[in-house]
Structure formats: structure tokens, C-alpha cells
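Chemist: Sequence plus predicted model, see below.
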Amino acid sequence: MSNPTKKIVNSSKFNILSWALFDFANTSFSIVVVTFVFAIYFKEVVCNSQPIGDFYWSLGTSISMLIVALISPILGAIADFKSQKKLFLLIFTFICIIFTGLLFFVRTDEIIKGLIFFIIANVGFEAGLVFYDAFLPEITKPSNFGRVSGYGFAFGYLGSFVTLLFTYYFISIDKITYTFLFTSIFFTIFALPIFLFLKENKNIDTANISPVKIGIQRVLWTFKHLKQLKNLALFLISFFFFIEGVNTVIYFVGNYAMTTMNFSKDELLYFFLITQITALLGAIGFGIIADSIGKKITLLITLVIWIMVISLVYISNSKFTFYLIGSIAGSVMGATQSVSRSLMSALVPEDKKTEFFGFYSFFGKSSAIIGPLTFGYISYITSSQRFAIISLLTFFIIGGIILLFVKEHNNISEESNLNI
């Protein structure tokens, strides 16, 4: 059973800053590799602008998400049991940084090489988020989860904005691959504070117990007893659907703007600069709103906005309109993820926070297998990304309907007798 009076030993503005700076650091990978530069480079250069490039890209994202989905719950359970969130975060951050740098060496027709480097880098990025997110309950109290989570995403989008400014320089001198080296260096520098200054809450000595064995046992046990946490299970199912739509937009918005809306690289850069600003403001704004009116209702508002955005994208033929729609999408891009993280923090039992964030990652990453594959396949067989984008409405609608039945505050008795 969770202990609501447990001391939050890391609660301070400096520790929150150290934690948020990691978001500032790692979002450089998200914007440069996942959303913009390498996503476009892979289709245009590596795949020679062939339509099947969308499918290959979706395959790479889905494989990486499948790997993360499978390993996250077990690693989360081990990290909880051994108090090793920081160690696992360091390992996966290192993996991401190294293979991001290696993307510099990917050239035309090196599809397998490019996919392997991307998959490994993305596994490092996504798996690291499990342990990063699990620090949230340690650095602030539940009443501030919304705004502190929002601060993290806001720092992330600020990092994206700064990274894009440097990216513009490399694109202007036709040195696109240098952006991958820059990103790995940027990530390294600004990730350091969380490893140097943020301390982790420690459990009792478990030196003589096999962490892998106990990790597997705890995951199997949690799967078996998840029905006793019906509210949390309901939220995770809802999260599975709506985050599928968000992830797919992140992976394909750059390709969609270039292929369907005929954006130039400069226009696409301006588009992302604008969306990073609105995303920063949205993450902070919706975080404060979530702490004021409730996380669930705030999350539902963002999903309604997403449904409107996808519908408008489908009918949009104007670049100017697409800029406006992108600004709106940016305002809920980080907000949906941020408020989801803060609601999850409020629902999980204290003594299993990393383990349950592993399940949070499992549901989020496994959903990201279906969405990108659906988009890539529909785009390939219809030769139209518009048909692919409208299919995302289903995910947001189903996720929103299920979320209606989630209670924002757990009944403490629901968590009784759930220790192992």
C-alpha cells in the first residue's frame, strides 16, 4: 500500500530545474531525429523519395516501440526494487547519444543501416523516459504534479527551439548530417545536471536478491492483480488509444508537410519553430489548468482539440492554414503528454512508481506500434497521406470515451494488499 506521508526528499527548485533540464536535453533528439531532420532525410535521401519510405519509417518506429514496450515493465520493476532509476536512465541516455551521432554516417540506399541506428537510438530515448518520468513523484507533491510536469515539457520545447536554430544553420550550408552530431553533443551537455545533482530515494538493502528474478516476478504479479486497480487499468487503456494518435502525428508531421503540403525545408523549419513556441506555452498553461480544474477534465479538453486539429488537417490545402493548425496542435502536443504523466503520477501506488511507469510506457509504446504502421500502410496503398491522417480520429475518440469513466482520485482501499 502506498504511504501518502512519505517524505519527498528531492523537493526543491534546484532539483526540479535539474530534472527539467533533462527534458531540455533529450527533446533535441525528438525534434531532430524523430520529427524533422532525420525523418525527412531518411525518406528523401536514404530511400530516394520513394513512397515506400513512409512504410520503412513506420516499420523502424514500430520495432523500436515494440522493444521498449516489452522491456519497460521489467526494467521499471527492477529499478524500483533496487533504487536504480538514475543508473538505468544513464545507460539508455548513453545508448541514444552514441547512435544519434552514428546517424551522421548514413547515406543514400543504406536503408538497413539507417533503420538499425535509428531503432537503437530511439530505444535509448524512449526507454530512458520510463525512469525520467518516475522521478516526478519524488521531486514535488501531488498538488503540483500538473505544473511541474508542464515545466518539464516546456523546457523540452525550449530545447527543441534552440536546437532548431542551430539546425537552420547546418541546413543553410547543406551539412544536414552534422545536425545529428550536434544533437548528440547537445543532449550530452544538458543531460549532465540530472546525473550530477538529483538524488534518488533509496529502498532497503536488497544486495542478495536477484534483481532480474524479482523484476520478472513483480511484473507477472502486477499483470495478475491489475484488475484490482481497475481505475488505473482503465486510464492505461484510454492512454493506449489517444497517445497512439499523438505519437503518430509526431512521427509523420514532417513527412506530411513535405509530401502533401509541399513545404520546403525552410518552410518546415519555420513551422516547427512556431509549434515549439506554442507547445512550450501549452505545456505550462495546461499544467497550471490541470492543477486548478483537474487533470482528467484538462486531458479531455486537449483530446477535443486534437479531434478538431486532425479534421482541419484533412481538409486543409493552404500552407497558411496549415501553419495555424500546427500552432493549435503544438499547444496540445506537450500538454496531452504532460497532463497524462501528472495524472498517472497521481494514480500510481508510491512503492511501485517506476514499475507502473514501466506499464505506462508499455501501453504508450505498444500503441505507437499500431498507429505509425496504420499511417504508413494506408499512405502506401492509397498513395494519399490525407486518408492516413484522418484514420487517427478513431484513436482520439476511443481514448476520450474511455477516459470519461476514469476517476481522478484513487480509492486508497483499492491499493490495499498490493505489495510484493
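Modeler: Alright, I've got the coordinates. Numbering: from 1, shown residues only.

Chemist: alpha carbons only for contacts and neighbour counts from here, please
Modeler: Will do.

Chemist: Who are the contact partners of L343?
Modeler: Contact analysis of L343 by C-alpha atoms under 8 Å, 6 or more residues apart in numbering lists 145-146, 295-296, 408.

Chemist: Point out where this protein drops to low pLDDT.
Modeler: 1-11, 80-82, 202-219, 221-227, 350-355, 410-420 (pLDDT under 70).

Chemist: from the contacts of L343, which is closest to V37?
Modeler: G146 (30.8 Å; C-alpha to C-alpha).

Chemist: Spatially nearest residue to the closest one, not counting backbone neighbours?
Modeler: G287 (4.5 Å; C-alpha to C-alpha, 6 or more residues apart in numbering).

Chemist: what about the one you found, distance to F153?
Modeler: Distance of G287 to F153, computed by C-alpha to C-alpha, to the nearest Å: 10 Å.

Chemist: quick one: common contacting residues for the two?
Modeler: Counting by C-alpha under 8 Å, 6+ apart, the residues touching both G287 and F153 are 335, 338.

Chemist: elements contacting the helix or strand F155 falls within?
Modeler: Using DSSP states H and E, the element containing F155 is helix 145-172. If contacts are counted by 3 or more C-alpha pairs under 8 Å, 6 or more residues apart in numbering; DSSP states H and E, helix 145-172 sits against helix 13-29, helix 136-139, helix 178-197, helix 265-293, helix 319-347.

Chemist: do that again at 7 Å, thanks
Modeler: Secondary-structure packing of helix 145-172 (3 or more C-alpha pairs under 7 Å, 6 or more residues apart in numbering; DSSP states H and E): helix 13-29, helix 178-197, helix 265-293, helix 319-347.

Chemist: Return the residues in contact with S292.
Modeler: Shown in contact with S292 (C-alpha atoms under 7 Å, 6 or more residues apart in numbering): no residues.

Chemist: Let me fix that, I meant to ask about I119.
Modeler: 60-61, 64.

Chemist: give me the number of residues near the spatially closest residue to F195 that is not a sequence neighbour?
Modeler: Closest residue to F195 in three dimensions, ignoring its sequence neighbours and counting by C-alpha to C-alpha, 6+ apart: K86, at 6.9 Å. Burial measure for K86: 18 neighbouring residues, criterion other C-alpha atoms under 10 Å.

Chemist: and the nearest residue to I284 once chain neighbours are set aside, how far is that from M333?
Modeler: In this structure, I284 finds its nearest non-sequential neighbour in G150, 4.8 Å apart by C-alpha to C-alpha, 6+ apart. Plainly put, G150 is 11 Å away from M333 if you go by C-alpha to C-alpha.

Chemist: that older thread, dump the helices and strands packed on helix 145-172 to JSON lines, plus distance to T140.
Modeler: Shown next, in JSON lines, are the helices and strands packed on helix 145-172 (distance: least, C-alpha to C-alpha, whole Å):
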{"stretch": "helix 13-29", "distance to T140": "8"}
{"stretch": "helix 178-197", "distance to T140": "15"}
{"stretch": "helix 265-293", "distance to T140": "13"}
{"stretch": "helix 319-347", "distance to T140": "11"}
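
Chemist: Could you name the stretch from these that's closest to V130?
Modeler: Of all these, helix 319-347 sits nearest to V130, with 10.6 Å by C-alpha to C-alpha.

Chemist: which parts of that closest one are buried?
Modeler: Using 16 or more other C-alpha atoms under 10 Å as the test for burial, helix 319-347 gives 322-347.

Chemist: Same check on stretch 300-310?
Modeler: Buried-residue list, stretch 300-310, by 16+ other C-alpha under 10 Å: 300, 302-303, 305-307, 309-310.

Chemist: ok, now stretch 160-167?
Modeler: 160-161, 163-164, 167.

Chemist: burial measure for Y270, as a count.
Modeler: 16.

Chemist: what's near enough to touch the closest residue to E110 other than its chain neighbours?
Modeler: Leaving aside its sequence neighbours, E110 sits nearest to V46 (C-alpha to C-alpha, 6+ apart; 6.0 Å). Applying C-alpha under 7 Å, 6+ apart to V46 gives the contacts 107-111.

Chemist: Weed out the non-buried ones from the residues you listed.
Modeler: Using 16+ other C-alpha under 10 Å, the buried ones in the contacts of V46 are 107, 111.

Chemist: nearest to Y56, of the contacts of V46?
Modeler: Distance to Y56 across those (C-alpha to C-alpha) is lowest for I111, with 8.3 Å.

Chemist: contacting residues for that closest one?
Modeler: Contacts of I111 (C-alpha under 7 Å, 6+ apart): 46-47.

Chemist: again, but for the one 4 residues further on
Modeler: With contacts taken as C-alpha under 7 Å, 6+ apart, L115 has the following neighbours: G60.

Chemist: And the closest residue to I16 other than its chain neighbours, how far from D133?
Modeler: Spatial nearest neighbour of I16, excluding adjacent residues (C-alpha to C-alpha, 6+ apart): I139 at 6.3 Å. In this view, I139 and D133 are 11 Å apart by C-alpha to C-alpha.

Chemist: Likewise for S238?
Modeler: For S238, the distance to D133 - C-alpha to C-alpha - is 19 Å.

Chemist: and if you look at S391?
Modeler: S391 is 29 Å from D133, by C-alpha to C-alpha.

Chemist: More neighbours: the two, which one.
Modeler: Using other C-alpha under 10 Å as the criterion, S391 and D133 rank with D133 on top: 24 against 17.

Chemist: Could you check how far the more buried one is from K407?
Modeler: On the measure of C-alpha to C-alpha, D133 and K407 end up 21 Å apart.

Chemist: just curious, which of the buried residues of stretch 160-167 is nearest to G254?
Modeler: L164 (13.5 Å).

Chemist: Tell me the spacing between that closest one and I277.
Modeler: 12 Å.
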